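Engineer: Just need the structure, nothing else, for what follows:
(chains A and B)
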Amino acid sequence: MHINQYFKFLRRFYRGNLAASIGSIIVATMILLSVFAGSIAENDPNKRVARGHQPPSAELLLGSTRSGKDVLSQVLHGGKISLLVAFSAAMITTVIAVAVGISAGYFGGRVDEILMSFTNIVLVFPQLPLLIIIAAFVGQVGPIVIALIIGLSSWAWGARVIRSQTMAIRNKEFIIAAEVMGESKLRIMFMEILPNLISIVVGGAIGTCIYALMAEAGLEFLGLGDPTIITWGTMLFWAQSNSAFIVGAWWDMVVPGTAIAIFGGGLALLNMSIDQLSNPKLKTGGYIKTWRRMKSDIEARRTEA
Amino acid sequence: MTFILRRFAFYLVAILITISFNFLIPRLMPGDPVDALFAGAQGRIPLETLQAYKEMLGFVDGPLWIQYLKYMKSIFTWDLGPTIMLFPLPVSELLSVKLPWTLGLAGMSTVICVMIGLIIGTFAAYNRDGLVDRFMPAFWAFVGAMPQPVTALFLFFVLALSWKWFPLSYGANPDLDPGWTVEYVSSVLHHAVLPILCMIIGGIGAWIFNMRNAMINVLGEDYITMARAKGLSNRRIMANYAARNALLPVVTAVSMQIGFVMAGAIFIETVFNYPGVGLLLFKALAARDYPTMQACFLMIVLFVLVFNFIADLLNLWLDPRLRK
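Structural biologist: Residues are numbered from 1 along each chain as shown, chains lettered A, B, ... in the order given. Next comes the predicted model:
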């Protein structure tokens, strides 16, 4: 894409779309904060720097945990791993969903039947309880295993959406033309079809990111994660097992909780805007206003004439 | 009829896969499956009893398929063995005590989500770019992306612990005798408010979005223009013409959500110490009580499948085209 085109696209995406702007700012800020965690936070997240459960103060901006560790530094460093888990799970999911969805939609027939009946069965299973049971039997699982289990088990919905979109463009002229020109099936699937699905694929990936963030926090909250690795989920776990709320140390719980909530919320707003990109009918706000104004202008002119 | 039979067969396959999964997973884990399954039981259960229960769960000497058949038999006779954490209480008995609580939460919250979510979604789509349309979907998208444990913890902290509006734990006041008395029922309802609120916060977004999107698609149809041309009232068009037809894809899309609701129950019940299947699963996890864990999982899957089947029947009722 030419650089000017790129800016044009961005302008179109953000214009009159408050949700997209807020979402992007939140997500970008959180990513930057956790990437530069090492230089922002003064204290080592694993080191005891104060007495236990110190409230927020000028010295410790977000207070200390029960074992006297800096909550600010923990939430920044923990974010790094939580975000990595969410992004890598989303990546795995997207790759599987794209592969299954496009091949089912493109080949049709037997391939479609087999892939989709498998997908439907995966889809109907409650994923989080499934994750919990697997994690319970594997024992305490680290972030990598969590990302793997989430990634491998949550592709079904995306595969179905991608399949139906593939079927919608499967018989368009440009696909037929590519077939007649003798392009390989793999090339048609990934160079001709995939670019047309990009907004759905990206939307699905962000959706999985939210889900993975939730699932990771949930698994670790229940104590199924590796409690020695600092993530937002294990921070919640430690706060809960030290009854932070009951003893009045609300910051121990509220800080990681808010971090997850804000990041997930930012992703959700972004996701909503991407949905509107792939289906402009769903838009709200400025666009509709412009459209209404144009319509009433035309009607006014018509009555004049 | 063929539609129902086909769906029924599909769910039957799903149940068989769940059972097989439950059967396989302890056998796939490293080490002796029997030891893994009963790891927490050593010392608490007499050896002969343990042996008998192992046989009932299919851990017999013999080829895998005989073990599998035995396991199937114990599942279908609802003979799920003893719990380890509360030995010798049978798992099935424990489950039947806990299940009504979770069903109550899930049912109530789903009903409320359906009612409020559909109304907001319909209204937002019909009055495009009004205040509701601009802020409601975005707001619920933001709030709904909060992980369930976080929502539950925040509500717990603010409404139960700080403001003391709602009780901190249990399903009802433990000092009261269970029964159909006004006192007991109101205590149950009072205890259920926060857990149900959590479930609504997590689940209502899906109803709003799906309803809004479906409505927007339906509103472009010709029969809506026709209804307008006939001069029908806005309310009539919105409710009887648009919403009714938009409902169809919504039911299918949201029936997928029930698994999410059940998963949410695990965290919510844990935070509020609510005596349902979710809390039971959490306690079983903590006690490494594998038989109870598996039974809870089976229960949750069964519930989700039944709910999906109900959604299929509902679709059949809503859409005459499916009745061939």
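Engineer: Spatially central, which residue of the chain would that be?
Structural biologist: Defaulting to chain A. The residue lying closest to the centre of chain A (C-alpha atoms, centre = their mean) is A:Cys209, at 2.3 Å.
Engineer: actually it's chain B I care about, not the one you picked
Structural biologist: Per C-alpha atoms, centre = their mean, the C-alpha nearest to the average position across chain B is that of B:Met262, at 2.8 Å.
Engineer: so B:Phe123 touches B:Val132, yeah?
Structural biologist: Yes. Taking C-beta atoms under 8 Å as the definition, B:Phe123 is a contact partner of B:Val132 at 5.5 Å. The way it works is simple: take the backbone N, C-alpha and C, and place the C-beta from them, glycine included.
Engineer: who in the stretch 151-300 of chain B is up against chain A?
Structural biologist: Within the stretch 151-300 of chain B, the residues that sit near chain A (C-beta under 8 Å from any C-beta of the partner chain) are B:153-154, B:156-157, B:161, B:212-213, B:216-217, B:220, B:256, B:258-260, B:262-263, B:266-267, B:270-271, B:281-282, B:285-286, B:288, B:290, B:293-294, B:296-297, B:300.
Engineer: Low-confidence ranges, the chain, go.
Structural biologist: By default, I'm working from chain A. Within chain A, the ranges that satisfy pLDDT under 70 run A:1, A:285-288, A:305.
Engineer: not quite, I wanted chain B
Structural biologist: Counting by pLDDT under 70, the ranges of chain B that qualify are B:29-50, B:52-61, B:324.
Engineer: how about the helices of it, start to end?
Structural biologist: Ranges of helices within chain B are B:2-28, B:33-37, B:47-56, B:64-76, B:91-126, B:131-144, B:148-155, B:182-219, B:222-229, B:234-236, B:244-255, B:258-272, B:277-286, B:290-318, based on DSSP state H.
Engineer: now the ones you listed in a markdown table, with distance to A:Ser154?
Structural biologist: Listed next are those as a markdown table, based on distance: least, C-beta to C-beta, whole Å:
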| stretch | distance to A:Ser154 |
| --- | --- |
| helix B:2-28 | 16 |
| helix B:33-37 | 26 |
| helix B:47-56 | 34 |
| helix B:64-76 | 27 |
| helix B:91-126 | 21 |
| helix B:131-144 | 17 |
| helix B:148-155 | 16 |
| helix B:182-219 | 16 |
| helix B:222-229 | 37 |
| helix B:234-236 | 40 |
| helix B:244-255 | 16 |
| helix B:258-272 | 11 |
| helix B:277-286 | 20 |
| helix B:290-318 | 15 |
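Engineer: out of the ones you listed, which comes closest to A:Phe7?
Structural biologist: Nearest to A:Phe7 among those is helix B:131-144 (25.2 Å), distances taken as C-beta to C-beta.
Engineer: packing partners for the closest one?
Structural biologist: When contacts are defined as 3 or more C-beta pairs under 8 Å, 6 or more residues apart in numbering or on different chains; DSSP states H and E, helix B:131-144 sits against helix A:18-35, helix A:250-278, helix B:91-126, helix B:182-219.
Engineer: is stretch A:207-224 up against chain B anywhere?
Structural biologist: Yes. Stretch A:207-224 comes into contact with chain B (C-beta under 8 Å from any C-beta), by way of A:Ile210, A:Leu213, A:Met214, A:Ala217, A:Gly218, A:Phe221, A:Leu222, A:Gly223, A:Leu224.
Engineer: Isn't A:Val254 up against B:Phe157?
Structural biologist: Yes. With contact defined as C-beta under 8 Å, A:Val254 reaches B:Phe157; the gap is 7.4 Å.
Engineer: Could you show which parts of the stretch 101-250 of chain A are in contact with chain B?
Structural biologist: Residues of the stretch 101-250 of chain A lying near chain B by C-beta under 8 Å from any C-beta: A:120-121, A:123-130, A:132-134, A:136-138, A:157, A:210, A:213-214, A:217-218, A:221-224, A:236, A:240, A:245-246, A:250.
Engineer: If any of those residues are buried, give me the PyMOL selection for them.
Structural biologist: To isolate in PyMOL the members of these that are buried, counting by 16 or more other C-beta atoms under 10 Å in any protein chain shown, one can use:
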select buried, chain A and resi 121+123+124+125+126+127+128+129+130+132+133+134+136+137+138+157+210+213+214+217+218+221+222+223+224+236+240+245+250
